[in-house]
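Student: Sequence and predicted model, in that order:
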Amino acid sequence: MNSISRPGLPAAALPLAQQMADEARTIIKRYFRTRPVVDAKGDDSPVTIADREVERMMRQRIEEAFSEHGIKGEEFAHRNPEADWCWHLDPIDGTKSFLSGSLCFGTQIALSYRGDPVLGLIDQPITGERWLASPSRTSELNDQPIRTSRCTELAEAVLYTSDLACFQQGQLGHFKRLQQAVSLTRYSHDCYAAGLLALGQIDLLVEANVYPYDIAAQIPVIEGAGGIVTDWQGNPLCLEGRVCVLASANTELHAKALATLNETGRS
């Protein structure tokens with residue numbers, strides 16, 4: 001992400017993120033595979049009582065511990081969004097998977113300093129898998145250090161994306177060029193795919209038109225495991241508006257994926 005000077009992570013931030021993820025697990029387990037009532041948001045994406053209950057809990061915990069911090073969540077209005085320190089909350093990333101009983105979803109918690117995500121947590125409440133990264137520790141899965149893969153050839157790479165419906169028509173053509181160059185493509189894993197990338201199980205992750213709360217926690221987790229995350233032009237991600245994301249296991253593979261994504265003159 002951006003290379004900026006920043007103070008050390010607030011002392012209570014990491015324990016707070018862990019506490020919120022623990023509490024989120026308890027709430028989500030109550031609703032998992034119960035077919036909860038679904039509402040449609042303004043962008044027609046689904047939301048459940050579980051999403052809202054988890055985010056309310058997290059907001060309350062943050063306000064109690066860090067009243068001066070900003071909060072940007074998926075379900076409710078931003079709070080103090082111009083603050084230097086800002087929390088990015090995605091209570092259930094992969095709500096469609098959650099609703100259909102699939103395990104390909106998770107809770108995402110990130111803390112950024114002036115737009116630079118420095119703490120990232122991805123938690124799968126049912127399996128008990130938790131990815132965590134912060135300035136004081138490299139990426140871990142359940143307290144064990146992890147590394148991205150050493151794959152450097154597109155022809156050998158495994159590519160994931162969440163939902164082809166998120167791609168605009170012109171963007172879809174770029175993605176399909178990359179898809180044709182890799183070994184295997186899979187869909188519909190949302191934040192779980194970022195965890196698999198950090199774990200070295202997959203090599204590339206491409207997303208189109210996602211929101212900052214979709215990606216903020218994934219950046220420290222992937223980068224802390226040795227990977228790289230940029231937009232489709234190779235620029236650092238800006239956590240404002242919708243963004244298109246390319247995450248790769250290493251810089252060599254990333255350069256090849258960028259070149260293929262941006263190749264012109266071939267369908």
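Tutor: Yep, it's here.
Student: could you pull out the strands for this protein?
Tutor: 38-40, 46-48, 70-73, 85-93, 106-113, 116-124, 129-134, 137-141, 144-145, 158-161, 184-187, 204-210, 228-230, 243-248 (DSSP state E).
Student: Would you mind telling me which of those strands is nearest residue 258?
Tutor: Residue 258 sits nearest to strand 243-248 of all those, at 6.5 Å, using Cβ to Cβ. In this view, the C-beta of every residue, glycine as well, is placed from N, C-alpha and C.
Student: and the strands of the chain as a markdown table, adding distance to residue 28 and mean neighbour count?
Tutor: Below are these laid out as a markdown table (distance: least, Cβ to Cβ, whole Å; neighbours: other Cβ atoms under 10 Å):
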| stretch | distance to residue 28 | mean neighbour count |
| --- | --- | --- |
| strand 38-40 | 15 | 11 |
| strand 46-48 | 10 | 19 |
| strand 70-73 | 16 | 22 |
| strand 85-93 | 7 | 27 |
| strand 106-113 | 7 | 28 |
| strand 116-124 | 9 | 24 |
| strand 129-134 | 13 | 23 |
| strand 137-141 | 19 | 18 |
| strand 144-145 | 23 | 10 |
| strand 158-161 | 22 | 22 |
| strand 184-187 | 22 | 14 |
| strand 204-210 | 21 | 23 |
| strand 228-230 | 26 | 21 |
| strand 243-248 | 25 | 23 |
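Student: residues in contact with residue 19?
Tutor: residue 61 (Cβ atoms under 8 Å, 6 or more residues apart in numbering).
Student: From residue 58, how far off is it?
Tutor: 10 Å (Cβ to Cβ, to the nearest Å).
Student: before we move on, what about residue 16?
Tutor: Taken as Cβ to Cβ, the span from residue 16 to residue 58 is 9 Å.
Student: same deal with residue 112?
Tutor: Taken as Cβ to Cβ, the span from residue 112 to residue 58 is 15 Å.
Student: and if you look at residue 238?
Tutor: On the measure of Cβ to Cβ, residue 238 and residue 58 end up 24 Å apart.
Student: and residue 16 and residue 58? which has more neighbours close in?
Tutor: residue 58 (25 against 21; other Cβ atoms under 10 Å).
Student: can you tell me which residues contact the more buried one?
Tutor: 20, 23, 24, 73, 87, 89, 91, 109.
Student: same thing but 7 Å
Tutor: By Cβ atoms under 7 Å, 6 or more residues apart in numbering, the contact set of residue 58 is 20, 89, 91.
Student: what would the strands of the chain look like in TSV with mean pLDDT and distance to residue 218?
Tutor: Output for the strands of the chain, formatted as TSV (pLDDT from 0 to 100; distance: least, Cβ to Cβ, whole Å):
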stretch	mean pLDDT	distance to residue 218
strand 38-40	81	25
strand 46-48	84	20
strand 70-73	97	15
strand 85-93	98	9
strand 106-113	98	7
strand 116-124	97	6
strand 129-134	98	9
strand 137-141	94	11
strand 144-145	98	18
strand 158-161	98	12
strand 184-187	97	17
strand 204-210	97	8
strand 228-230	98	7
strand 243-248	97	7
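Student: So for residue 31, which of those strands sits nearest?
Tutor: Of the strands of the chain, nearest to residue 31 by Cβ to Cβ is strand 46-48, at 6.8 Å.
Student: What separation do you get for the closest residue to residue 111 other than its chain neighbours and residue 92?
Tutor: Distance criterion Cβ to Cβ, 6 or more residues apart in numbering; nearest residue to residue 111, sequence neighbours excluded, is residue 119 at 4.1 Å. To residue 92, residue 119 is 19 Å away according to Cβ to Cβ.
Student: Apart from its neighbours in sequence, what residue is nearest residue 131?
Tutor: Excluding its sequence neighbours, the residue lying closest to residue 131 (Cβ to Cβ, 6+ apart) is residue 122, at 4.3 Å.
Student: swap in residue 127?
Tutor: Leaving aside its chain neighbours, residue 127 sits nearest to residue 103 (6.2 Å; criterion: Cβ to Cβ, 6+ apart).
Student: residues in contact with that neighbour?
Tutor: Shown in contact with residue 103 (Cβ under 7 Å, 6+ apart): 124, 126, 127.
Student: possible to save those as TSV with distance to residue 225?
Tutor: Formatted as TSV, these follow (distance: Cβ to Cβ, whole Å):
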residue	distance to residue 225
124	16
126	23
127	19
